[in-house]
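**Student:** Make a model of this:
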Amino acid sequence: MAAGIGRLVTSGTFSLDGGTWDVDNNVWIVGDDREAVVIDAAHDADAIVAALGGRTLRAIICTHAHNDHIDAAPALADRTGSPILLHPDDLPLWKQTHSERLPDAELVDGQILTVAGVDLTVLHTPGHAPGAICLYAPALDALFSGDTLFAGGPGATGRSYSHFGTIIESIQGKLLALPGETVVHTGHGETTTIGAEAPHLKEWIDRGF
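**Tutor:** Below is the predicted model of the structure:
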């Protein structure tokens, strides 16, 4: 089987700044029938293991360290022996959820991770969180955007560790430079494309999205 993209939706809660909200998260699995990576191990390690279907898990890649994107990461790592990868700027957020267990390796801007013959390029896109990253897979015409870019606009920047101007700079400088046909696989909700979102940059700025 050629490499492809799988989507699993898991449900749980997001907590920050004293509030808690119910959320549905997209867990993305990229790989072939032998090996895969998981992008954002959210809420349910058992469901993720089942979705892997016996494939070797090469890495658990965290787009950022809000609890709803990482709460199942240690359990999944323990079950599979795979490393957890996180940008170091998000360690303060990580420690709010997992104070006793650190990630296994750091993600850096421009780093290339390869699974099933597919290259995933790490794009550091701070704003929603200091260590937020996206993953660009040109061979799949795919961007995994975490909570940096959604269908309809940028991720939220109204809570601790976030900044609106920074997320706009990240999107404008790193994401809108990608081909318009690139499919954006988001951390929550439905997919979009770079081409669909690019025309709205000025609207986002004017609205202080």
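
**Student:** Name the residues of the lowest-mean-pLDDT helix or strand in the chain that are buried.
**Tutor:** Every helix and strand in the chain was compared by mean pLDDT, DSSP states H and E; the lowest is helix 201-207, with a mean of 79. Within helix 201-207, the residues that qualify as buried are 201, 204, counting by 16 or more other Cβ atoms under 10 Å. Bear in mind the C-beta positions are built from the backbone N, C-alpha and C, glycine included.

**Student:** Which other helices and strands does that helix contact?
**Tutor:** helix 164-170 (3 or more Cβ pairs under 8 Å, 6 or more residues apart in numbering; DSSP states H and E).

**Student:** What helices and strands are in contact with the helix it packs on?
**Tutor:** Checked by 3+ Cβ pairs under 8 Å, 6+ apart, helix 164-170 has strand 153-154, helix 201-207 packed alongside it.

**Student:** now the ones you listed in CSV, with distance to residue 165?
**Tutor:** Below are those laid out as CSV (distance: least, Cβ to Cβ, whole Å):
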stretch, distance to residue 165
strand 153-154, 11
helix 201-207, 9
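
**Student:** Which residue, other than its chain neighbours, is closest to residue 20?
**Tutor:** residue 13 (5.2 Å; Cβ to Cβ, 6 or more residues apart in numbering).

**Student:** For the one you found, name its beta-bridge partners.
**Tutor:** Beta bridges link residue 13 to residue 22, judged by DSSP bridges.
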